[in-house]
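Engineer: Attaching a predicted model along with its sequence, questions to come.
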Amino acid sequence: MPGYGDSPPAEMVATAQGRVAFLDHVLQELGMRRPVLVSPSMSGRFALPFLLARGDQLAGFVPVAPVGTKDYTVEQYRQVQTPTLILYGDSDTSLGLQALQSLQHLPRHHVAVVPNAGHACYLDKPEDFHRALLGFLRQLK
């Protein structure tokens with residue numbers, strides 16, 4: 001993602017509105033229609049504003065202990081109608097639980113906790129992570 005890791009800073013993603021526009025552009029360029037957006041950790045800075053602004057363009061949302069959940073209000077979360085699977089590792093006692101506190105206000109959510117896994121539960125317990133993810137995907141229309 002621009003501005004993260006080893007990528008250079010990018011002015012267009014300095015604001016939430018810019019990050020929404022960037023993600024929208026990526027999805028359009030890829031020709032994706034109603035994708036399921038999987039958002040681990042730092043990608044929450046892109047995915048959460050996109051969900052709140054354009055969640056109707058998504059078939060589903062899978063936040064994996066994303067950052068930035070405290071930046072939005074309960075009322076903003078309650079307006080989102082995108083089916084959501086909140087995923088986190090049970091050993092992630094900071095971001096996982098913090099994200100759950102905010103994201104549990106999404107009206108169409110389910111929660112899956114990956115046992116014996118930390119913040120990067122998809123790396124710690126990939127089979128359990130994928131089992132939960134695939135189960136959620138099967139439920140979507």
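Structural biologist: Everything's here; your move.

Engineer: In this protein, mark out all the strands, start to finish.
Structural biologist: 36-40, 60-64, 84-89, 109-114 (DSSP state E).

Engineer: now for the second one, which elements pack on it?
Structural biologist: In other words, strand 60-64. strand 36-40, helix 44-54, strand 84-89, helix 126-139 (3 or more CB pairs under 8 Å, 6 or more residues apart in numbering; DSSP states H and E). The way it works is simple: take the backbone N, C-alpha and C, and place the C-beta from them, glycine included.

Engineer: and Tyr4, which of these is closest to it?
Structural biologist: Proximity to Tyr4 (CB to CB) singles out helix 44-54 among those, at 8.1 Å.

Engineer: Tell me the buried residues in that closest one?
Structural biologist: For helix 44-54, a neighbour-count test (16 or more other CB atoms under 10 Å) marks 44-53 as buried.

Engineer: Next: stretch 73-91.
Structural biologist: In stretch 73-91, counting by 16+ other CB under 10 Å, buried: 77, 80, 82-89, 91.
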